[in-house]
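Student: Using only what follows, build the 3D model:
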Amino acid sequence: MKTKSLLAVVFLASSLSNVASAQGRGGRGGPQETWWVNKTPGGVYKAPMRPLWKLSDLKQMHAGQNTWQEQIILDPEQDASYNSGAPGTKYTTRMHPDTPTVFVVVAGQVNFNVEGQEPATATRGAIVNIMKSTPFSWEVTGDQNALWVEVNPTNYKTAWPSAGPQPAASKDGAVVKVSFNHTPEPYRPPNRFMFNTFTDAIAGCKGGVAVMDDHLFASPLLGYVNAADNKCGTGNGNIGSGPAKPGEAPFDPHTVFGHMHAGPAEWWIVQVGQISGKFENMGEYHAVEGDVLYAAPMMWHQMAAEAPSGPNVRLAMGGYQLINMGNTQNPGPGRGGQ
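Tutor: Numbering: from 1, shown residues only. Got it, this is the predicted structure:
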């Protein structure tokens, strides 16, 4: 083996397929297992990815614009854009024949018309899951600009009904008329058309995985620094490593800490509260509602809820349901899987 290869000892939860363990909510108990994996350098970011996309920065970048789109992720698994739309902005019917689509509404009001579903209005906290081969359209309503993140598998394709307006051709292509039949992919648990973190998870005490599609995964990780704020009676929930403790040494991003994933990136949309991310070779980042954190592949990282009162939710996103591979060099008390 070449000397430049870096081998890291990692451990897995005893049940590798456990969804909760895979997203840092604790395993089923039992002895830990240790494995060898080949770890490449962490903290390698390629544009447009960055450790933290702040919503305030995006608004500043598009100052004076009500309707805009900014690519925030384009990696081997996922293609995600941050969007703003003024009231009255309409997006005509289209379909992704082979891939699903997820919309995460950050603010405002968006009406969705999706084949096979009753028309629905998505507001702050909504996760709209549109299965492949399903025609859909959406419109911004209400009295304020809407903000949302649209997530697709990389290299997705779009088809528009020929009864509607012809779309513009791409710079290296031509628009042609084709024929095929479509059948919307059915929803299978845990998938559903719309999940709202505020009404379903926080108020309704029905959390868990919201999306598990081909190359799309979304799970709202809910935590309370003050357990008394949790009206569901389930303690602190997922706060990760939690806020910094008095007397803790300053964070050193060039050490081994937290956990990693064997390949794909993991990223988070902050839906409420305050979230911190400690990223290998990069540093510590602090995010608030509407911000997006991104851990590049194969890097040590550690997440934490920081708002001292009320709920903290980081919507964990990725192309797959990931396994948390905790470090064995410096796991810390209960922190390896956070």
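Student: Okay, strands next: where are they in the stretch 51-200 of the chain?
Tutor: For the stretch 51-200 of the chain, the strands defined by DSSP state E, counting those that start in this stretch cover 52-53, 68-74, 78-85, 90-94, 101-107, 109-114, 120-123, 126-130, 136-141, 146-153, 194-196.
Student: mean confidence for the fifth one?
Tutor: Confidence over strand 101-107, taken as the mean pLDDT, stands at 98.
Student: Check the offset of it from the chain's centre.
Tutor: From the chain centre to the centre of strand 101-107 is a distance of 10 Å (C-alpha atoms, centre = their mean, to the nearest Å).
Student: got the angle for it vs strand 146-153?
Tutor: On the basis of axes from the mean of the first three to the mean of the last three C-alpha atoms, to 10 degrees, strand 101-107 is oriented at 160 degrees to strand 146-153.
Student: from now on call the first residue 416
Tutor: From this message on, residue numbering opens at 416, which makes the last subject strand 516-522.
Student: Output strand 516-522 as PDB, nothing but the C-alphas.
Tutor: Backbone C-alpha positions of strand 516-522 (Å, rounded to 0.1, in the frame of the first residue of the first chain) are rendered in PDB as follows:
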ATOM      1  CA  THR A 516     -37.400  16.200  -6.700                       C
ATOM      2  CA  VAL A 517     -37.500  17.700  -3.200                       C
ATOM      3  CA  PHE A 518     -38.400  21.300  -2.300                       C
ATOM      4  CA  VAL A 519     -37.600  22.600   1.200                       C
ATOM      5  CA  VAL A 520     -39.600  25.800   1.900                       C
ATOM      6  CA  VAL A 521     -37.700  28.300   4.100                       C
ATOM      7  CA  ALA A 522     -40.100  31.200   4.000                       C
END
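Student: tell me which strands and helices it is in contact with?
Tutor: Other helices and strands packing on strand 516-522, by 3 or more C-beta pairs under 8 Å, 6 or more residues apart in numbering; DSSP states H and E, are strand 535-538, strand 541-545, strand 561-568, strand 631-638, strand 681-687. The way it works is simple: take the backbone N, C-alpha and C, and place the C-beta from them, glycine included.
Student: Mean neighbour count and distance to Phe527 added to the ones you listed, as JSON lines?
Tutor: As requested, the helices and strands packed on strand 516-522 are exported to JSON lines (neighbours: other C-beta atoms under 10 Å; distance: least, C-beta to C-beta, whole Å):
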{"stretch": "strand 535-538", "mean neighbour count": "17", "distance to Phe527": "5"}
{"stretch": "strand 541-545", "mean neighbour count": "25", "distance to Phe527": "6"}
{"stretch": "strand 561-568", "mean neighbour count": "22", "distance to Phe527": "11"}
{"stretch": "strand 631-638", "mean neighbour count": "26", "distance to Phe527": "16"}
{"stretch": "strand 681-687", "mean neighbour count": "25", "distance to Phe527": "18"}
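Student: Please convert those to TSV, extending it with mean pLDDT and distance to Glu663.
Tutor: Shown next, in TSV, are these (pLDDT from 0 to 100; distance: least, C-beta to C-beta, whole Å):
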stretch	mean pLDDT	distance to Glu663
strand 535-538	98	38
strand 541-545	98	34
strand 561-568	98	32
strand 631-638	98	19
strand 681-687	98	22
